[in-house]
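**Student:** Coordinates for the following, if possible.
(chains A and B)
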Amino acid sequence: MDELIIAGRRFKSRLLVGTGKFSSNQAMLEAMEASGSDIVTVALRRVDIDNPEDYMLKHIDRSKYLLLPNTSGARDCEEAVRLARLARAAGCEPWIKLEVTPDPYYLLPDPIETYKAAQILIKDGFTVLPYINADPILAKHLQEIGCATVMPLGAPIGTNKGVKTRDNIAIIIEQAHVPVVVDAGLGAPSHAAEAMEMGADAVLVNTALAVSPHPGMMAAAFRKGVEAGREAFLAGLGKQRKFAEASSPLTGFLRDDK
Amino acid sequence: MQIHLNGKPREIPTATTISSLLLELNLGNAAVAVELNGEILPKEKFSQTLLNDMDRVEMVQFVGGG
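**Tutor:** Have a look, this model is predicted:
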């Protein structure tokens, strides 16, 4: 069976889903179910003491999904490490989607702070999945220090633009010996399929599902996109060429070739 | 006595533990992480840890995120 293996752990789905921005827990659960995912991301926030929210984790069947907490909101290494340790203390397994995004407009990840935080968290026993810009050299450095995956962005978070960093992601895939998870910016199943056709090991999608009026239906569509892309990659895509090459035989009885 | 809970002052009776404070906040069953004066407090210590006047307590929990 074609499984995704991260840090020695096997997953049947190559689609990871985020749980943010859904209109309700019900919508989130429908999307999770329809996606076929077995890894879902969550974030950490201060408890609002005066208005305690509906506790979202009680809705998620943790025997079915690996909860992957992120460090969203962290602007530097120190904040990211603090969030990761809090997530572990709150009862999550020591797996962390490391994201350090100091820039509020494009939410682009800080490579230096991400690298520093990854070093600390790996030493501390975490399985680290860093969110990065599609920088092949950074990806190499992160896999060398022991990151479990690299997660290059297709486009900035929540932009739905697709795989805009295509050429660099291709280099990352070529060099990687850890799974490459294309994260962020994938707005349509065709974007997910494109990443998978290129040889990405998995993709992570959140906004595209959460903002759809039919999150479950969109999640099912992404699932098919990921599966189609993966199968095409495994089957082997034909090479692009400049001139046409006939699919039908041109052996001529209509006229004599000179 | 008074503590600072998630940045806001709060009156609590003496001999309040982290566990009893969580129960009072209806967070007894939630996956909450607690920092006491800037240090993460392991769950196993919630029931034995008594709060002191002017302690700074941070409570965080999971929310949806990508």
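**Student:** how about the lengthiest strand in chain B against chain A, any contact?
**Tutor:** When chain B is parsed with DSSP state E, its longest strand is strand B:56-64. Yes. Between strand B:56-64 and chain A, judged by Cβ under 8 Å from any Cβ of the partner chain, the touching residues are B:Glu58, B:Met59, B:Val60, B:Gln61, B:Phe62, B:Val63, B:Gly64. Where C-beta positions appear, they are placed from N, C-alpha and C, glycine not excepted.
**Student:** Pretty sure the third one sits against B:Ala33.
**Tutor:** It refers to B:Val60. Yes. B:Val60 lies in contact with B:Ala33 (Cβ atoms under 8 Å); the separation is 5.1 Å.
**Student:** Now do the same contact list for the closest residue to chain B within the stretch 151-258 of chain A.
**Tutor:** Here the stretch 151-258 of chain A gets closest to chain B at one residue, A:Asn206, 3.3 Å apart by Cβ to the nearest Cβ. When the contact criterion is Cβ atoms under 8 Å, 6 or more residues apart in numbering or on different chains, the partners of A:Asn206 are A:Val17, A:Gly18, A:Thr19, A:Gly20, A:Lys21, A:Thr41, A:Gly158, B:Gly65, B:Gly66.
**Student:** ends of stretch A:132-148, how far apart?
**Tutor:** Start and end residues of stretch A:132-148 are separated by 13 Å (Cα to Cα, to the nearest Å).
**Student:** buried ones in the lengthiest strand in chain A?
**Tutor:** For chain A, the longest strand by residue count, based on DSSP E, is strand A:39-46. Residues of strand A:39-46 classed as buried: A:Ile39, A:Val40, A:Thr41, A:Val42, A:Ala43, A:Leu44 (neighbour count, 16 or more other Cβ atoms under 10 Å in any protein chain shown).
**Student:** got the angle for it vs strand B:56-64?
**Tutor:** Put simply, strand A:39-46 runs at 150 degrees to strand B:56-64, going by axes from the mean of the first three to the mean of the last three Cα atoms, to 10 degrees.
**Student:** send the alpha carbons of strand A:39-46 over as PDB?
**Tutor:** Output in PDB follows, covering the C-alpha atoms of strand A:39-46 (Å, rounded to 0.1, in the frame of the first residue of the first chain):
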ATOM      1  CA  ILE A  39      -3.400  14.200  10.400                       C
ATOM      2  CA  VAL A  40      -5.100  17.400  11.500                       C
ATOM      3  CA  THR A  41      -3.500  20.600  12.600                       C
ATOM      4  CA  VAL A  42      -4.600  22.700  15.600                       C
ATOM      5  CA  ALA A  43      -3.400  26.000  17.200                       C
ATOM      6  CA  LEU A  44      -3.000  27.100  20.800                       C
ATOM      7  CA  ARG A  45      -4.600  30.200  22.300                       C
ATOM      8  CA  ARG A  46      -5.000  31.800  25.700                       C
END
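**Student:** Check which element follows it along the chain.
**Tutor:** Scanning forward in sequence from strand A:39-46 by DSSP states H and E, the next helix or strand is strand A:66-69.
**Student:** could you say what helices and strands that next one packs with?
**Tutor:** For strand A:66-69, the packing partners by 3 or more Cβ pairs under 8 Å, 6 or more residues apart in numbering or on different chains; DSSP states H and E come out as strand A:39-46, helix A:77-89, strand A:95-98.
**Student:** Using JSON lines, lay out those together with mean pLDDT and distance to chain B.
**Tutor:** Converted to JSON lines, the helices and strands packed on strand A:66-69 look like this (pLDDT from 0 to 100; distance: least, Cβ to the nearest Cβ, whole Å):
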{"stretch": "strand A:39-46", "mean pLDDT": "95", "distance to chain B": "3"}
{"stretch": "helix A:77-89", "mean pLDDT": "96", "distance to chain B": "4"}
{"stretch": "strand A:95-98", "mean pLDDT": "98", "distance to chain B": "9"}
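**Student:** Serialize these to JSON lines and add fields for distance to B:Lys8.
**Tutor:** Below are the helices and strands packed on strand A:66-69 laid out as JSON lines (distance: least, Cβ to Cβ, whole Å):
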{"stretch": "strand A:39-46", "distance to B:Lys8": "11"}
{"stretch": "helix A:77-89", "distance to B:Lys8": "19"}
{"stretch": "strand A:95-98", "distance to B:Lys8": "29"}
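**Student:** closest one to A:Met217 among those?
**Tutor:** Nearest to A:Met217, of all the helices and strands packed on strand A:66-69, is strand A:39-46, at 18.3 Å by Cβ to Cβ.
**Student:** Would you mind getting the angle between that closest one and helix A:77-89?
**Tutor:** 110 degrees.
**Student:** I would like the residues contacting strand A:39-46, please.
**Tutor:** Under the criterion Cβ under 8 Å, 6+ apart, residues A:11, A:13, A:16-20, A:32, A:56-57, A:60, A:65-70, A:72-73, A:83, A:86-87, A:90, A:97, A:204, A:206, B:6-7, B:33, B:58-66 lie in contact with strand A:39-46.
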